[in-house]
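J.: After the sequence you'll find the predicted model.
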Amino acid sequence: MAIVDPARPSLPATNRPTAALGSIPGARLVPGLLLCGAVTLAALGLERIEAGLFGHAWLEALVLAILVGALVRTLWTPSQRWTPGIAFSAKTLLEIAVVLLGASVSIGAIVSAGPLLLVGIAAVVVIAIAASYGMGRLLGLPHRMAVLVACGNSICGNSAIAAVAPVIGADGKEVAASIAFTAVLGVLVVLGLPFLPALMHISEVQYGVLAGLTVYAVPQVLAATAPIGAIALQLGTLVKLVRVLMLGPMILVLTLVTRRRTDGAAPTAGRMPWHKLVPWFIDGFLLLAVLRSFGLLPEAVLAPAAATWLTVLSMAALGLSTDLGSVAKAGGRVTAAVTLSLLVLGAISFGLIRLLGIV
């Protein structure tokens, strides 16, 4: 016969398995992680089907993960059982993915492009972000949504939105809407851009720089420049990498600005420890970029597979936190902001090409 200690009331029989599972560290994350993993696999499968049908995946798994997750969330609201794992995937795993992005940035390759082009690209990014943010606010977008659209268009699309979101405290609905509309226009840019050399009589060199300055993702730069020629492809990729490198400094600036908006008008940078002023994942991003530049990272870290998987997994979590109905309500304003932002980016990029005398 079992002896029951009156000082320790026993759990009801129906709750004992749940209590035992909850006593395992991290066990409460498992259901949500498995759900996000299932959405991730579905997105990767759809990307492969898309590539098989059309020869190229115009919608990346990262975007498809958001769409699939949001569809699931619209049809079925996950209970509290799934919430911890979904929240962990949307935040912590996303931050780890941002750190791993630093391993894809080579400072040495960027410096080889020459100081004038480097300064010009940085200026284009800064001006485009400021102009895009201003237009977004004029169109009535909330502050965080305007920041996401501006950074997504001006730096590196989905990756920039995903990296900036935790810094400014954007929620899943804002991230999903920004990525969805930015990705759709990104596909249109890739489809339409290769017609420019014939229509506007621009050289292969000029086209490569323009593609690197305007196309969102590195794979899309390859798709947009490969039909034009090897020079366009190489220049487009190099310019794009410089834009990606701007992600670190821009997130640092946003961290300072966001903290100032939160804590009051007086800046606190001089009184706060660095580890509290800058998110840990930005430190990690910059550290990996430096280590990559000095050749101190092993090949396993340089492989983008881990960062890609974690990013897609976190986007699946964001999708599962988003109701498509609520995202659609902001569709018109977001579409207008993304379109105008893209037009401004293109105009500024043409201006840089003319200013530098690129022929």
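T.: Perfect, thanks for sending it. Just so it is clear, the structure is predicted and the values come from calculations on it, not from any experiment.
J.: Every contact and neighbour count from this point should use C-alpha atoms.
T.: Will do.
J.: what about the helices in the stretch 51-200 of the chain?
T.: 61-75, 83-88, 94-101, 107-111, 115-138, 143-151, 158-168, 172-192, 196-200 (DSSP state H, counting those that start in this stretch).
J.: Name the stretch from those where average model confidence is lowest.
T.: Among the helices of the stretch 51-200 of the chain, helix 107-111 has the lowest mean pLDDT, at a mean of 65.
J.: ok so, going back, closest one to residue 319 among the helices of the stretch 51-200 of the chain?
T.: helix 61-75 (4.1 Å; C-alpha to C-alpha).
J.: chain center to that closest one: distance?
T.: Averaging C-alpha positions (C-alpha atoms, centre = their mean, to the nearest Å) puts helix 61-75 16 Å from its chain's average.
J.: quick one: the strand or helix carrying residue 338 to helix 143-151, angle?
T.: When elements are assigned from DSSP states H and E, residue 338 belongs to helix 331-356. Taking axes from the mean of the first three to the mean of the last three C-alpha atoms, to 10 degrees, one finds that helix 331-356 is oriented at 40 degrees with respect to helix 143-151.
J.: helices or strands up against helix 331-356?
T.: Where contact means 3 or more C-alpha pairs under 8 Å, 6 or more residues apart in numbering; DSSP states H and E, helix 331-356 is packed against helix 115-138, helix 143-151, helix 172-192, helix 204-214.
J.: just the CA coordinates of the third one, formatted as PDB?
T.: As requested, the backbone C-alpha atoms of helix 172-192 are provided in PDB (Å, rounded to 0.1, in the frame of the first residue of the first chain):
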ATOM      1  CA  GLY A 172       4.300  38.800 -35.600                       C
ATOM      2  CA  LYS A 173       1.500  40.600 -37.500                       C
ATOM      3  CA  GLU A 174       3.800  43.500 -38.400                       C
ATOM      4  CA  VAL A 175       6.700  41.200 -39.500                       C
ATOM      5  CA  ALA A 176       4.400  38.900 -41.500                       C
ATOM      6  CA  ALA A 177       2.800  41.900 -43.300                       C
ATOM      7  CA  SER A 178       6.100  43.500 -44.100                       C
ATOM      8  CA  ILE A 179       7.700  40.400 -45.400                       C
ATOM      9  CA  ALA A 180       4.700  39.300 -47.400                       C
ATOM     10  CA  PHE A 181       4.300  42.500 -49.300                       C
ATOM     11  CA  THR A 182       8.000  43.100 -49.700                       C
ATOM     12  CA  ALA A 183       8.500  39.600 -51.000                       C
ATOM     13  CA  VAL A 184       5.800  39.900 -53.600                       C
ATOM     14  CA  LEU A 185       7.300  43.100 -55.000                       C
ATOM     15  CA  GLY A 186      10.700  41.500 -54.800                       C
ATOM     16  CA  VAL A 187       9.600  38.800 -57.200                       C
ATOM     17  CA  LEU A 188       8.200  41.400 -59.600                       C
ATOM     18  CA  VAL A 189      11.500  43.300 -59.500                       C
ATOM     19  CA  VAL A 190      13.500  40.100 -60.300                       C
ATOM     20  CA  LEU A 191      11.100  39.400 -63.200                       C
ATOM     21  CA  GLY A 192      11.200  42.900 -64.600                       C
END
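J.: Can you point out the buried residues in it?
T.: 172-183, 185-187, 189-190 (16 or more other C-alpha atoms under 10 Å).
J.: And the first one, by the same measure?
T.: Within helix 115-138, the residues that count as buried by 16+ other C-alpha under 10 Å are 117-118, 120-122, 124-137.
J.: Could you give the number of residues near residue 211?
T.: Residue 211: 28 surrounding residues under other C-alpha atoms under 10 Å.
J.: okay, and the helix or strand of the chain with the least pLDDT?
T.: In the chain, no helix or strand scores lower on mean pLDDT, DSSP states H and E than helix 16-22, which sits at a mean of 44.
J.: Mean confidence (pLDDT) on the helix holding residue 338, please.
T.: Averaging pLDDT along helix 331-356 gives 87.
J.: So residue 220 sits against residue 191, correct?
T.: No. At 9.6 Å, residue 220 does not count as touching residue 191 under the criterion of C-alpha atoms under 8 Å.
J.: How much space separates residue 68 from residue 130?
T.: 32 Å (C-alpha to C-alpha, to the nearest Å).
J.: Run a quick check on residue 96 versus residue 281, I expect a contact.
T.: Yes. Counting by C-alpha under 8 Å, residue 281 is a contact partner of residue 96 at 6.6 Å.
J.: The helix holding residue 338: how far from the chain's middle?
T.: Using C-alpha atoms, centre = their mean, the offset of helix 331-356 from its chain centre is 19 Å.
J.: With stretch 190-210 instead?
T.: What separates the centre of stretch 190-210 from the centre of its chain is 26 Å, taken as C-alpha atoms, centre = their mean.
J.: quick one: contacts of that stretch?
T.: 211, 215, 220-221, 223-225, 227-229, 231-236, 239, 346, 349-350, 353, 358-359 (C-alpha atoms under 8 Å, 6 or more residues apart in numbering).
J.: switch the cut-off to 6 Å
T.: Stretch 190-210 is contacted from outside by 224, 232, 235-236, using C-alpha atoms under 6 Å, 6 or more residues apart in numbering.
J.: Which member of those residues is positioned nearest residue 168?
T.: Relative to residue 168, and with distances defined as C-alpha to C-alpha, the nearest of the contacts of stretch 190-210 is residue 236, at 29.7 Å.
J.: For the contacts of stretch 190-210, which entry has the maximal number of neighbours?
T.: residue 236 (28 neighbours).
J.: On the C-terminal side of the one helix or strand that residue maps to, identify the next helix or strand.
T.: In this structure, residue 236 sits in helix 230-245 according to DSSP H and E. The first helix or strand that comes after helix 230-245 along the chain, using DSSP H and E, is helix 247-263.
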